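**Q** Have a look at this fold, sequence not included:
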Ligand SMILES: Nc1ncnc2c1ncn2[C@@H]1O[C@H](COP(=O)(O)OP(=O)(O)OP(=O)(O)O)[C@@H](O)[C@H]1O
């Protein structure tokens, strides 16, 4: 029966066929990876489900590749789980692959750029249309009698019943040119991309048989090529091998197969633990941002194996969500094969492996920070925002995460860590100070920074969206409180206190007038000792959210209740010197200065016409 592809598949196929793409060979990696996944699925069922135990008696999982030069075909066969008619429609008629969805989302319309993306994403089964004009998929689902043939010329597809011995899938590619019907070429591609697929991959390889001078047959005498069915790949679970057996290229090839990301990872973390808790983990930190990093339905990057049997690639609880950029494999010895969701969440062994994995990843990142700062800063640009999510709420790894955080700061160029901040702290400084908001420019010119500049104290500039949420929760780092300068009470010397008391007395009438004029808008009006250049600034009570946090709360649908700022006045400023003799202007000046302070914070003026009237009054007086 004839079927139409979903619109997305049509779009993708069009691109596959018409874009000139130089790295076409990755189609084989994708098809072999699908074959391996299909065997993984059956392997798991054969060990955990009675029904499949008998079906899989004497089953030897394998993948076979056949090149036929004459017919110009390449066939990839597996004896995995197979597909029935409904599976074929669902899996090969629409887009199942999450990576492919991400790929489509990133398409720019520029053929050159878009075809480079194919290499980055992989894009699964459909990539075979880069090399084939027609594809046939013969499949029989394990445990079923009927087999089906799916066939397509990339425009639409047909499904019909067919004959097939044994369960599994044959993918038959009718090639555009001879290149991929060459067994030698295919052998090289398999070695390059699929050496560490855990199941054996067999292909007919032409082997040279040396001549035998005593043979009577001319061919045997001179030597000749003989086709031999040979296992091409290592078929070893790479994570179970020892590090000394592996080269960087082995790891990188395995990573490319696992993640569909062709660029080398930033870091590879391979651990084999023996003793009371036996497990092997192999983690990678990518050098590109996964497309779904900030989507709630992101794909877990870690596959769980039990005793080398694949269990799931859909367990987000294997690592904390703030490490969701990590890709890799976790293989645990002492777990039952039929691990349920509950076991995943509550099992002590798994919790232990998780804990050790987190420590290993942190240790690797710390090492990178110390030994290769440029690389670490690249990591930070890519994944710093995600890692910082770990500062939210209660988290026993907060201190460790804080150690790995980098910040902009008011005094230093580039990024600094909290340890570097602490080392350079001014004499007598006890706390670590930060200011947060949405614009770096506004933060750097904030009046709140003035007194810190005067005292030569560095302040962390936190302009990331997430900073407004997590920085107030950061708590402390190695004994130093991490304090928001917008909530900070100024620390005053005895002389400064005296000066402030005097100024407060002197300013009594103006302060009352300001309070009256702004009675609905501010919590208090005070004399400030933190300002040098600006006339006024806004601060918040210690427990009140600042402007940036209020804005964020609104975005998340929570209206902050009864939060009003405190207006602080720089009594030494020229404006106040003049205002003393012009007290009649004080109510208007209060409105104007309060509005200006809000603008400096990146907040908006709620009543612009009132602000403008007050400004007009002052301007006309000034002329
Ligand atoms: N050889 C096969 N045997 C059984 N099912 C297969 C086979 N090849 C493909 N499929 C099915 O078709 C689906 C789509 O394959 P595709 O390569 O497009 O994406 P994917 O493999 O799901 O994605 P990813 O590569 O990100 O895991 C697979 O999820 C699988 O269910």
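**A** Yep, it's here. The structure displayed is predicted, hence computed values, not measured ones.
**Q** Give the buried residues for stretch 201-217.
**A** Using 16 or more other C-beta atoms under 10 Å as the test for burial, stretch 201-217 gives 201, 202, 203, 204, 205. Placement of C-beta: from N, CA and C, glycine included.
**Q** Repeat that for stretch 50-57.
**A** Residues of stretch 50-57 classed as buried under the neighbour-count rule (16+ other C-beta under 10 Å) are 52, 56.
**Q** neighbouring contacts of it?
**A** Contact with stretch 50-57 is made by 42, 45, 46, 47, 142, 143, 167, as judged by C-beta atoms under 8 Å, 6 or more residues apart in numbering.
**Q** from the buried residues of stretch 201-217, which single one is nearest the ligand?
**A** Relative to the ligand, the closest of the buried residues of stretch 201-217 is residue 201; by C-beta to the nearest ligand atom it sits at 13.0 Å.
**Q** Show me what the closest one is bridged to.
**A** residue 63 (DSSP bridges).
**Q** which residue packs closest to residue 230, ignoring adjacent ones?
**A** Spatial nearest neighbour of residue 230, chain neighbours left out: residue 205 (4.7 Å); criterion: C-beta to C-beta, 6 or more residues apart in numbering.
**Q** phi, psi of the one you found?
**A** Dihedral pair for residue 205: phi -120, psi 140, per degrees, to the nearest 10.
**Q** Ok, residue 383 next?
**A** Per degrees, to the nearest 10, the backbone of residue 383 is at phi -130, psi 0.
**Q** now do the one 10 residues further on
**A** Note on residue 393: its backbone torsions stand at phi 60, psi -160 [degrees, to the nearest 10].
**Q** Find the nearest non-adjacent residue to it, please.
**A** Sequence neighbours aside, residue 473 is the residue nearest to residue 393 in space, at 6.8 Å (criterion: C-beta to C-beta, 6+ apart).
**Q** how much space is there between residue 80 and residue 432?
**A** Applying C-beta to C-beta, to the nearest Å, the value for residue 80 to residue 432 is 55 Å.
**Q** Specify the beta-bridge partners of the residue nearest to residue 230.
**A** Bridge pairing for residue 205 - DSSP bridges - gives residue 228.
**Q** Residue 80 and residue 432: which has the busier surroundings?
**A** residue 80 (26 against 22; other C-beta atoms under 10 Å).
**Q** Before we move on, what's the pLDDT of the more buried one?
**A** For residue 80, the pLDDT comes out at 97.
**Q** For the residue lying closest to it once chain neighbours are set aside, grab phi and psi.
**A** Spatial nearest neighbour of residue 80, chain neighbours left out: residue 38 (2.8 Å); criterion: C-beta to C-beta, 6+ apart. The phi/psi pair for residue 38 (degrees, to the nearest 10) reads phi -70, psi -40.
**Q** so which of the buried residues of stretch 201-217 comes closest to residue 298?
**A** Nearest to residue 298 among the buried residues of stretch 201-217, counting by C-beta to C-beta, is residue 201 at 30.8 Å.
**Q** Next secondary structure after the helix or strand bottoming out on mean pLDDT in the chain?
**A** Counting by mean pLDDT, DSSP states H and E, the chain has its least confident helix or strand at helix 111-121, which shows a mean of 62. Counting by DSSP states H and E, the next helix or strand C-terminal to helix 111-121 is strand 132-140.
**Q** Buried residues of the very next helix or strand once past that following strand, list them for me.
**A** Remark: after strand 132-140, the chain's next helix or strand is strand 147-152, criterion DSSP H and E. Buried residues in strand 147-152, counted by 16+ other C-beta under 10 Å: 147, 148, 149, 150, 151, 152.
**Q** could I get the residues you listed as TSV with pLDDT?
**A** Below are the buried residues of strand 147-152 laid out as TSV (pLDDT from 0 to 100):
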residue	pLDDT
147	97
148	98
149	97
150	97
151	96
152	94
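**Q** Identify the farthest-apart pair in those residues.
**A** Among those, the pair separated by the greatest distance (C-beta to C-beta) is 147 and 152, at 17.1 Å.
**Q** Kindly check the end-to-end length of stretch 314-326 for me.
**A** Terminal residues of stretch 314-326 lie 14 Å apart, using C-alpha to C-alpha, to the nearest Å.
**Q** ok, now which ones touch the residue lying closest to residue 392 once chain neighbours are set aside?
**A** Spatial nearest neighbour of residue 392, chain neighbours left out: residue 470 (5.2 Å); criterion: C-beta to C-beta, 6+ apart. Residues near residue 470 by C-beta under 8 Å, 6+ apart: 388, 389, 391, 392.
**Q** again, but for residue 455
**A** residue 426.
**Q** Kindly state the pLDDT recorded for it?
**A** 85.
**Q** so residue 475 makes contact with residue 482?
**A** Yes - using C-beta atoms under 8 Å as the test, residue 475 is close enough to residue 482 to be in contact (6.4 Å).
**Q** thinking residue 375 is in contact with residue 367, fair?
**A** No - counting by C-beta under 8 Å, residue 375 does not reach residue 367; the two are 10.6 Å apart.
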